[in-house]
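In: Sequence below, structure please.
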Amino acid sequence: MRKTIATILSLLVVLAMTLAITACGGNGDDNGGTTAPSPTPGTPPTTPGDPPGDTGEAPPAAVPRGNIHPVVDLGGREIRIVSWGTYNMGGSAPYEEPDPEDPNYFIHRMQYDNMRRVEEQFNVTIIHVDGGDYGMHREGFLASQVAGNPDGEIIRAPGSLLIPALAGGHALVLSDITMDGITFDLLSNQSVTNVSAAIGADIYTVRGASPLGMGPMLAVNMDLVNSLGLPNPVALYEAGTWTWEHLMNIMRLASAQGYFGIAGTQGDLTRLLIGSNDGILVDANLNYAANHPNTVAAFDQMATIFQERLWRWNPDDPGDPFGGWARQQHGFVEGADTVFFTEPSWVINLEAPFHFEMIPFPVGPANTSGNTHVVGLAYGVLIPVGTPNPGEILMIIEELHSWAYGNEWMLIEAVAESLRGRLHTEACVQRAIHTANNTRAIDIGWSIEGGLGWLIYALHWDLFHGYSDAAEMLETERAPRQELLDNLFR
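Out: Predicted coordinates:
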């Protein structure tokens, strides 16, 4: 919900005075930040306490308020941040002077001013390098590493870059970096940085401590639920009885009345089924594990959904029942003929021609974790192998991420405010934040392009047509997929 600048300023002043987050009514991407979102769906996040080490007294002169490290003169060092497009470490704020008309102006202002502070105090010059789109960014990074000449000191890495970076040994282990006189936040409080990608105890990338916004969830067409007299999925979730069994029952009841049960891409449905049943693709030792019983059960459930035609497929083209990516992404909103939608955040918004609610995917019969979805390696920042004095760079990374230090409530409020522009109710906003930060599993297998990814999509096709059994296919593929993992990581 867009607000006027005056309204936002008034809100921030009040919040700064009370150090509390007031859940605002209205229409409303890694683990949680300095204050975890409330574990109770629909409950606003709790108020963070004082920043670590803040006694309320004026800090020492060597550590101005807002710093998390003592000031170190780096002698005018140039630090290049390479990204897809030119974005700073704040995440979304441009490196140019923020636009006062931007609805996120005040957050961007804090990020921008913090970057200028870091440049002045630590005597560095921050240079923003446009690495191109995702593909070009990855190829440029790998080419520079092979040449032994890193194209930047800080690399903003999407998931598609992380696997080749880690597999090729191109990313420094951040948890091994030391620097005299510096205690890194990453290894202590984690008040401004969170771990983004790690293998075992080795931490390779970090991100800012802001909580995630909307993770994979189910959008529910409440108009259809009410008109068809279906059990209320939101009530089932709030009662703690939301399971695969209830999901299947509701979808079958809708199908019996001529409607579809669930829409969205088969890839989104897969990550929800596997994650909600505690299935895995790759285990902690980087071994193939897609033949795990929990994963097999998830694919068997998908086969049932496909074969009972509960999934919104394309009956007009028998040769391509999946109907194309665009149709799968937008059919729920455009057709309004489906109860559930495996929500990608860029599709669901207030423009839907019906009232929808957001709830987590239901848990499967093998679930003991409480997780509702699985994701691969997501965005993080890394320091390339070959970077001189990497301790200086890690220190600057943490300082750049400290834009809300002392005002950590803004990290949560910034996420909540962006969701209020796309979701109908405050309860949806809080469920989205809770789901994204508290019910996700991370599996490196989802990030391996051309390997496990193609296996999953091949299995979709066979399951839809009834060509093969999931357990048999997943076991047959074990040897070649293990060889892929061995070639990557051994």
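
In: From here on, just use CA atoms for contacts and neighbour counts.
Out: OK.

In: Residue 138 contacts residue 156, correct?
Out: No - Residue 138 is beyond contact range of residue 156, at 10.2 Å (criterion: CA atoms under 8 Å).

In: higher neighbour count, those two?
Out: For residue 138 versus residue 156, the count of surrounding residues by other CA atoms under 10 Å is larger for residue 156: 25 against 22.

In: For the more buried one, which non-adjacent residue is closest in space?
Out: residue 381 (4.5 Å; CA to CA, 6 or more residues apart in numbering).

In: does the one you found count as helix, strand or coil?
Out: Of the three states, residue 381 takes strand under DSSP: H, G, I helix; E, B strand; the rest coil.

In: I'd like to know how far it sits from residue 188.
Out: According to CA to CA, to the nearest Å, residue 381 stands 18 Å off from residue 188.

In: Those two: who's more crowded?
Out: residue 381 (26 against 8).

In: can you pull the contacts of that one?
Out: 154-157, 205-207 (CA atoms under 8 Å, 6 or more residues apart in numbering).

In: Restricted to helices, list those.
Out: If you go by DSSP state H, the contacts of residue 381 have nothing in helices.

In: And for the nearest residue to residue 107 once chain neighbours are set aside, the neighbour number?
Out: In space, not counting the residues next to it along the chain, residue 107 is nearest to residue 414; the distance is 7.6 Å by CA to CA, 6+ apart. For residue 414, the count of nearby residues is 16 (other CA under 10 Å).

In: do you know how far residue 414 is from residue 432?
Out: Distance from residue 414 to residue 432, by CA to CA: 14 Å.

In: One more: residue 410?
Out: When distance is defined by CA to CA, residue 410 is 17 Å away from residue 432.

In: ditto for residue 488
Out: The span separating residue 488 from residue 432 equals 35 Å under the rule CA to CA.

In: again with residue 199
Out: The spacing between residue 199 and residue 432, counted by CA to CA, is 27 Å.

In: try residue 206
Out: When CA to CA is the yardstick, residue 206 and residue 432 sit 22 Å from each other.

In: any idea how far residue 265 is from the residue nearest to residue 156?
Out: Taking CA to CA, one finds residue 381 at 29 Å from residue 265.

In: Looking at residue 488 and residue 432, which has the bigger crowd around it?
Out: Higher neighbour count among residue 488 and residue 432: residue 432, with 25 against 15, using other CA under 10 Å.

In: ok so that one is a helix residue?
Out: Yes - under three-state DSSP, residue 432 falls within a helix.

In: Start at 40, not 1
Out: Happy to do that; since the first residue is 40 now, the last one works out to residue 471.

In: ok, it touching residue 411?
Out: No - the pair residue 471 and residue 411 does not pass the contact test of CA under 8 Å, sitting 11.9 Å apart.

In: anything in contact with each of the two?
Out: For the pair residue 471 and residue 411, residues contacting each of them under the criterion CA under 8 Å, 6+ apart are residue 399.

In: Provide a list of residues in contact with the closest residue to residue 317 other than its chain neighbours.
Out: For residue 317, the nearest residue in space outside its immediate sequence neighbours is residue 406; the separation is 5.4 Å by CA to CA, 6+ apart. With contact set as CA under 8 Å, 6+ apart, residue 406 has these partners: 315-317.

In: For the protein, give me the ranges with low pLDDT.
Out: Along the chain, the model assigns pLDDT under 70 to residues 40-105, 124-134, 142, 354-366, 370, 383-385, 489.

In: packing partners for the longest helix along it?
Out: Secondary structure assigned by DSSP H gives helix 144-161 as the longest helix of the chain. For helix 144-161, the contact count by 3 or more CA pairs under 8 Å, 6 or more residues apart in numbering; DSSP states H and E identifies strand 163-169, helix 429-439 as packing neighbours.

In: Determine which of those approaches residue 376 most closely.
Out: Ranking the helices and strands packed on helix 144-161 by proximity to residue 376 (CA to CA) places strand 163-169 first, at 42.5 Å.

In: tell me the angle the closest one makes with helix 429-439.
Out: 80 degrees (axes from the mean of the first three to the mean of the last three CA atoms, to 10 degrees).

In: Please pull up the helix or strand immediately following strand 163-169.
Out: Sequence-wise, the next helix or strand beyond strand 163-169 is helix 173-185, with elements assigned using DSSP states H and E.

In: ok, the contacts of residue 406 vs residue 367, which is closest?
Out: The closest of the contacts of residue 406 to residue 367 turns out to be residue 315 (CA to CA; 21.3 Å).

In: just checking, the closest one touches residue 412?
Out: Yes - judged on CA under 8 Å, residue 315 makes contact with residue 412 at a distance of 5.4 Å.

In: Overlap of the contact sets of the two?
Out: Taking CA under 8 Å, 6+ apart as the contact criterion, the common neighbours of residue 315 and residue 412 are residue 400.

In: before we move on, the earlier item: gap between the residue nearest to residue 317 and residue 412?
Out: 11 Å.

In: With residue 473 instead?
Out: Using CA to CA, residue 473 is found at 13 Å from residue 412.

In: what's the spacing between residue 181 and residue 114?
Out: Distance from residue 181 to residue 114, by CA to CA: 29 Å.

In: Between those two, tell me which one has more neighbours.
Out: In this view residue 181 and residue 114 are compared by other CA under 10 Å, and residue 181 has more residues nearby, 19 against 10.

In: quick one: which of the contacts of residue 406 is nearest to residue 214?
Out: Distance ranking of the contacts of residue 406 against residue 214, using CA to CA, places residue 317 first at 28.2 Å.

In: ok, which stretches of the stretch 340-489 of the chain are helices?
Out: Taking DSSP state H, counting those that start in this stretch, the helices of the stretch 340-489 of the chain run over residues 364-374, 429-439, 448-459, 465-477.

In: Residue 218: which of those is closest?
Out: Ranking the helices of the stretch 340-489 of the chain by distance to residue 218, with CA to CA as the measure, places helix 429-439 first at 5.3 Å.

In: Could you give the separation of that closest one from the chain centroid?
Out: 23 Å (CA atoms, centre = their mean, to the nearest Å).

In: same for it, what does it pack against?
Out: Judged by 3+ CA pairs under 8 Å, 6+ apart, helix 429-439 is in contact with helix 144-161.

In: could you give the angle of the helix it packs on to helix 429-439?
Out: Between the axis of helix 144-161 and that of helix 429-439 there is an angle of 150 degrees, by the same axes, to 10 degrees.

In: got the CA coordinates for helix 144-161 in PDB?
Out: Once side chains and other backbone atoms are set aside, the C-alpha atoms of helix 144-161 remain, and they are given as PDB (Å, rounded to 0.1, in the frame of the first residue of the first chain):
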ATOM      1  CA  TYR A 144      12.300   6.400   0.300                       C
ATOM      2  CA  PHE A 145      13.100   6.400   4.000                       C
ATOM      3  CA  ILE A 146      14.500   2.900   4.000                       C
ATOM      4  CA  HIS A 147      16.500   3.600   0.800                       C
ATOM      5  CA  ARG A 148      17.600   6.900   2.500                       C
ATOM      6  CA  MET A 149      19.000   5.000   5.400                       C
ATOM      7  CA  GLN A 150      20.700   2.500   3.200                       C
ATOM      8  CA  TYR A 151      22.200   5.200   1.000                       C
ATOM      9  CA  ASP A 152      23.400   7.300   4.000                       C
ATOM     10  CA  ASN A 153      24.900   4.200   5.600                       C
ATOM     11  CA  MET A 154      26.900   3.500   2.500                       C
ATOM     12  CA  ARG A 155      28.300   7.000   2.500                       C
ATOM     13  CA  ARG A 156      29.100   6.700   6.200                       C
ATOM     14  CA  VAL A 157      31.100   3.500   5.500                       C
ATOM     15  CA  GLU A 158      33.000   5.100   2.700                       C
ATOM     16  CA  GLU A 159      33.900   8.100   4.800                       C
ATOM     17  CA  GLN A 160      34.700   6.400   8.100                       C
ATOM     18  CA  PHE A 161      36.700   3.500   6.700                       C
END
